[in-house]
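# here is the input, now give the coordinates:
(chains A, B, C and D)
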2 protein chains.
Amino acid sequence: MVGMRDVAKKAGVSLSTVSLVVNNTGYVSDVMRAKVEAAMRELDYIPNELARNLYHDRTNTIGVIMPTIVHPFFATLTAALQREFASRGLKTLLCSTADANTGEGEYVDMLQRHMMDGIIMAAHTEHPADYWTSISRPIVAFDRFLGAGVPTVRSDHEQGGRLVAQHLIASGARHVILAGGPRAQFSGGTTFPTVRYHLTVERMLAAAGIACDYVEVGAVADVTAHEAMARRIFDRYQGVDAIVGADVVAAMALQEAGRRGLDVPRDLQVIAYDGTLITELAGKRLTSVRQDFPAIAAALADCMNEQIAAGDDSGRQSGAKRSGTADAAAADAATSTDAAGGNMSDGDASGGNAVDAVSAGVPAAAGSDAVEAIGGVTVGAGEAGGGAENERVIPVSFIPGETTR
Amino acid sequence: MVGMRDVAKKAGVSLSTVSLVVNNTGYVSDVMRAKVEAAMRELDYIPNELARNLYHDRTNTIGVIMPTIVHPFFATLTAALQREFASRGLKTLLCSTADANTGEGEYVDMLQRHMMDGIIMAAHTEHPADYWTSISRPIVAFDRFLGAGVPTVRSDHEQGGRLVAQHLIASGARHVILAGGPRAQFSGGTTFPTVRYHLTVERMLAAAGIACDYVEVGAVADVTAHEAMARRIFDRYQGVDAIVGADVVAAMALQEAGRRGLDVPRDLQVIAYDGTLITELAGKRLTSVRQDFPAIAAALADCMNEQIAAGDDSGRQSGAKRSGTADAAAADAATSTDAAGGNMSDGDASGGNAVDAVSAGVPAAAGSDAVEAIGGVTVGAGEAGGGAENERVIPVSFIPGETTR
DNA sequence: CTGAAAGCGCTTACAG
DNA sequence: CTGAAAGCGCTTACAG
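Down below sits the predicted model:
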């Protein structure tokens, strides 16, 4: 393997000069630079990122912990994150808890061992809050409260609930089935903000005198369980004329309705919650509440940046000279260099987003209508685990399809 | 950050002793070990993996290059890979070409800079064969020929074609539409083995006197394009009574058939190729040819191991003592240690699979019936880019659903 | 069985 | 503007 030393020798300069050229840092005379570049080219020199990682204590890699990306929801979220991170010069390490027969513990270990710069936590966890708060490394949660100090990003489920309920009321539904996760997860110190969506729907429907039953579906990863659940709904609740559930559940319900000769949307309305591509493939275009995956990913990445920046300050104070290298940080997007040579500087990711990191210290609700009052319904923040601060809420939207009236 | 040096100081021993304890390598007296372990616990010591990575020139990370994991096929494949790699102590870096607006070049760069140990290439590439062969680092291709020396894993598309054709013939189909990628990609020095599947179907149907038209669908990542394509099929080919295409395409065709009042399977049969969960959610359970994702992932991982092992030999010859550490490699699955302490040895992944690596030097066809003759049909290996050697072929299976007779 | 020493490949103050 | 030196945190022959 050809290293910097070889280049230096060949070019007849010192190691540091080569380093300066490679990183496009500081001042190097044109002659020197030319000599070094020629040597790099001749030797086919490619810098070893591992070495810089060690020095900087950074991998520029974020772990995303998902139950399973086989599930379209998490596939879509993961894809959005990967894209967002990539645009910020960060890599995405796929950490699947359901696919890998391993809990999140292993991934947290990796975080602690400095194999990643941070973790996005979007999977179920049985660890208590103090487990999460004791981890003094960057963690951002998606759609769940992990503990004080761990920022959360989620969709505006109250708004989602409102949109669903409003439609059901307006379309004259009389008996609605709400399908969702184990109800037990929603009580006490739940970590799931999703409860707000269900509560909102239930209260609004109740106020309108519409019957509403809650049905528990299996674990999110277990897609086949959804089929049995769809059958159960129709067997047990005869007069049902509307079903609301995650995309996959809605698709299953639609399929089962077809087998039973029900006309959708005349006899039965189906509303999908999520808005993945399943809504396009389910036999009919599913009416859905769409979560804004790009916005969610951007908010998660912003939070992550802040967490990482905060960690930098408390650590080794090499930050004094950080601003000094900023002048060389101009070549931002020039990360992809073919073979040797070129600009290989890193650290730009955090540098470039410094503005965001500063302005985002305040708990912000993205989207102005996210903070509006929930039409007559009040959902106690307390019952969802008390994460009102350090939480970012992303608006959703209602997309009419072929499965509602 | 507390480092090994701190532990050594606290325990009153040398750095190397701490290292031996941490890695559970070599012989350390019980007293020493106890002292070190106590110190580790008190200081909450967690080894920094970056440092060992630098020394070993290994990250234990494999990059998987996919067009987009929003597409269920690649989501399923990626999930299977992640699981397989995790079981071998390897991490999965998600490299998406469609989601990230970046070609595979950037990821190859990362491979060259030693940020990953290898790459699984499952996305489209416009780079010519000599680009790929010139990369002297581990690469394994999925379902495409990248160039001599780059091993390939793929499903047995001839078998898939046979299964599809046999069913169509037996069920009395008269006009079949085959939907697939741009036909141009299949001619000349194509990198797509999939051509074999299409050719097999076409020849068998032709021999049986059944009409068969080929329709090109948009890029794999563009799901919405599939809808327009479905419409086009029905508009243009009136008498169609069978459609064969990837899961997503089949689902779209089924949906469009419903809108046009066609009865599936009476008027129209639909066969999906892939077998992802889409087949369960498409309105009717899709009959499908299922690719064996776990087996594919295992084969890809095996190939990757071989590639990595081969690279080790040619590199720095520290391999002489590699067998010396084998006695300490007993604790194989003990990678996940909570907080400090415990066994943190790596290198087991390659060590443990040494047997595979050795026996797999021969080009092997996984699954015995994969090598059987293709019922009267011969597909020239040459027209698909000449990758007969260094190729592993995984059998598929035909799963009857509700969309065929 | 234990310790001092050199090194993994690169980066960065610090003198010149 | 350039070079010699120390260091990132850990690993491993090599002497004792």
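# ok, residue A:115 to residue A:39 distance?
33 Å (CB to CB, to the nearest Å). Placement of C-beta: from N, CA and C, glycine included.
# right, I mislabeled it, should have said residue A:274
Counting by CB to CB, the gap from residue A:274 to residue A:39 is 54 Å.
# so for those two, which sits in the more crowded spot?
Between residue A:274 and residue A:39, counting by other CB atoms under 10 Å in any protein chain shown, residue A:274 is the more crowded of the two (26 against 22).
# who's that one bridged to?
residue A:290 (DSSP bridges).
# next one: it from DNA strand D, what distance?
Residue A:274 sits 42 Å away from DNA strand D, going by CB to the nearest atom of the strand, to the nearest Å.
# domain ranges for chain A, per the record?
A:1-47, A:61-153+A:293-313+A:356-379+A:388-394, A:157-290+A:395-399 (automatic domain parsing).
# which stretch among these comes nearest DNA strand C?
Comparison of the domains of chain A against DNA strand C by CB to the nearest atom of the strand identifies domain A:1-47 as nearest, at 3.1 Å.
# now do the same end-to-end measure for that closest one.
10 Å (CA to CA, to the nearest Å).
# swap in stretch A:103-123?
Rule used - CA to CA; the end-to-end distance of stretch A:103-123 is 9 Å.
# is DNA strand C contacted by it?
No. On the criterion CB under 7 Å from any atom of the strand, stretch A:103-123 is out of touch with DNA strand C, staying 13.7 Å away.
# wait, does that stretch contact chain B?
Yes. Stretch A:103-123 is in contact with chain B by CB under 8 Å from any CB of the partner chain, via A:105, A:106, A:109, A:110, A:112, A:113, A:114, A:115.
# residue A:58: which of those is nearest?
Distances from residue A:58 to the residues of stretch A:103-123 next to chain B, taken as CB to CB, are shortest for residue A:114 (8.5 Å).
# tell me the SS of the residue nearest to the spatial centre of chain A?
For chain A, the residue nearest the mean C-alpha position is residue A:297 (5.0 Å; CA atoms, centre = their mean). Three-state call for residue A:297 (DSSP: H, G, I helix; E, B strand; the rest coil): helix.
# what does the one 3 residues further on give?
What three-state DSSP gives for residue A:300 is helix.
# can you check residue A:267 too?
Once three-state DSSP is applied, residue A:267 turns out coil.
# same thing with the one 3 residues further on?
Three-state call for residue A:270 (three-state DSSP): strand.
# from residue A:246, how far out is it?
For residue A:270 relative to residue A:246 (CB to CB), the value is 12 Å.
# okay, those two: which has more neighbours?
Higher neighbour count among residue A:270 and residue A:246: residue A:270, with 27 against 24, using other CB under 10 Å.
# show the pLDDT at that one.
For residue A:270, the pLDDT comes out at 97.
# thought it was touching residue A:250?
Yes. With contact defined as CB atoms under 8 Å, residue A:270 counts as touching residue A:250 (5.1 Å).
# so what sits against both of those two?
A:243, A:244, A:286, A:403 (CB atoms under 8 Å, 6 or more residues apart in numbering or on different chains).
# ok, now which ones touch the last one?
For residue A:403, the residues meeting the contact criterion (CB under 8 Å, 6+ apart) are A:250, A:254, A:264, A:265, A:269, A:270, A:271, A:272, A:284, A:285, A:286, A:287.
# go again with 10 Å.
A:242-243, A:250-251, A:253-254, A:257, A:264-265, A:268-272, A:279, A:282-288 (CB atoms under 10 Å, 6 or more residues apart in numbering or on different chains).
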